[in-house]
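[1] let me see the structure of the following:
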Amino acid sequence: MKQWMRHLFCCGALSLGLSLSSVHAAQTEPAASRRETIKKTDLQSVAMPTMGNDRLGAILQRYYEKGLGGAENWERVMSVRMSGHLILESGQFALNIYQKKPHYIKISLSGNSYRIEKAYDGHSAWQASGQDASVISEMETAAARRFIHRAHFGSYLLYPYSSGKQIEYLNTVPMNGAVCHHIRVKLQTDYQVDYFLDAHSYLEVKTVHTDLRSGAVHSIRYSDYIRKSGIPIAQKIMRYEEGEWLSTLQIDTIKVNSGVMAWMFKIPE
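    The predicted model follows:
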């Protein structure tokens, strides 16, 4: 039971890792003209804006086009439902994941005549458990914060000009047999996310999520990508907690824009 709960709290969102330093990096932004300020404000709501030609901008531009399928495909994808099986030390279990833009998520894990559901509806995070998942409650504050961090649809590298985040290029390094660009995102929620993007395909090879309040570190490795509606999605996801293997998720079925409605994420009455 405890291992089930740990996995659901760690479950990630869809994975489909300078002139920008004044906008993204951890530096003090210089005074800008009124025109520049208006332009930046407009860009805050753009998921994949046209980036500059410096190193960070060039990497993000290729990531948007190759690693996430491009702006046109991304705009068409409104929701995803996935099913597969989750492998833990205690056995194998059926897992269903529902996600909807911009931040709705619901996860259902079942096996051994027991079911756990966790969801976030954009306002509150809740959970249900039992043979028919009939014992329902809101998550306690710390657990809700962890779950909501993973409810983000897609990547924190999207919306690079939005407030509340700082993005910086760190290095190009070997990772899991590939050469990867290491990009770091610091969020105002006190989470830090490190992305390792394959320098050839620009697919996410690995992400590392660090809770800057507690120091807890969770890492995720992605492989076996396929494309759905032009968007690359990893079918194999391996999770580690403090460097130790926690679970392996094998996605068997992926459906895009397939009847996922906002009401499905609401806490049952």
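
[2] can we go C-alpha only for contacts and neighbour counts from here?
    Will do.

[3] so who does Ala142 touch?
    Residues in contact with Ala142 (Cα atoms under 8 Å, 6 or more residues apart in numbering): none are found.

[4] tell me the secondary structure of it, please.
    helix (DSSP: H, G, I helix; E, B strand; the rest coil).

[5] equivalent analysis for Tyr156, please.
    Criterion first, three-state DSSP; result for Tyr156: coil.

[6] which residues sit in contact with it?
    Tyr156 neighbours (Cα under 8 Å, 6+ apart): 185, 193.

[7] and if you look at Trp74?
    Contacts of Trp74 by Cα under 8 Å, 6+ apart are 68, 231.

[8] just to be sure, it is in a helix?
    Yes - counting by three-state DSSP, Trp74 is located in a helix.

[9] pLDDT at it, what is it?
    Trp74 carries a pLDDT score of 95 in this model.

[10] all helices for this protein, in order.
    Taking DSSP state H to define them, one finds helices in the chain at 2-10, 34-43, 55-62, 71-76, 141-149.

[11] tell me which residues of the third one come out buried.
    To tie it back to what came earlier, the one meant is helix 55-62. Counting neighbours by 16 or more other Cα atoms under 10 Å, one finds that the buried residues in helix 55-62 are 56-57, 59-62.

[12] from the residues you listed, which is closest to Tyr104?
    Top of the list for closeness to Tyr104, among the buried residues of helix 55-62 and by Cα to Cα, is Leu60 at 24.7 Å.

[13] so what's the residue lying closest to the closest one once chain neighbours are set aside up against?
    Nearest residue to Leu60, sequence neighbours excluded (Cα to Cα, 6 or more residues apart in numbering): Met51, at 7.2 Å. Met51 sits next to 57-58, 60-61 when contact means Cα under 8 Å, 6+ apart.

[14] rank the helices of the chain by pLDDT, which is bottom?
    helix 2-10 (a mean of 49).

[15] Tyr159 and Gln44 touch, don't they?
    Yes - shown here, Tyr159 and Gln44 form a contact pair, counting by Cα atoms under 8 Å, at 6.2 Å.

[16] Met264 and Gly122, how far apart?
    From Met264 over to Gly122 the distance is 12 Å, taken as Cα to Cα, to the nearest Å.

[17] hey, where'd the strands end up in this protein?
    79-88, 91-100, 104-111, 114-120, 125-130, 135-138, 165-175, 178-187, 191-198, 204-211, 217-228, 231-241, 244-256 (DSSP state E).

[18] would a markdown table of those with mean neighbour count and distance to Arg146 be doable?
    Below are the strands of the chain laid out as a markdown table (neighbours: other Cα atoms under 10 Å; distance: least, Cα to Cα, whole Å):
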| stretch | mean neighbour count | distance to Arg146 |
| --- | --- | --- |
| strand 79-88 | 19 | 20 |
| strand 91-100 | 20 | 16 |
| strand 104-111 | 22 | 13 |
| strand 114-120 | 23 | 11 |
| strand 125-130 | 20 | 10 |
| strand 135-138 | 14 | 13 |
| strand 165-175 | 18 | 17 |
| strand 178-187 | 21 | 13 |
| strand 191-198 | 24 | 9 |
| strand 204-211 | 22 | 9 |
| strand 217-228 | 17 | 11 |
| strand 231-241 | 20 | 13 |
| strand 244-256 | 17 | 16 |
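
[19] kindly reformat the ones you listed as TSV and extend each row with distance to Phe147.
    Formatted as TSV, these follow (distance: least, Cα to Cα, whole Å):
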stretch	distance to Phe147
strand 79-88	18
strand 91-100	13
strand 104-111	9
strand 114-120	8
strand 125-130	7
strand 135-138	12
strand 165-175	19
strand 178-187	15
strand 191-198	12
strand 204-211	12
strand 217-228	13
strand 231-241	15
strand 244-256	16
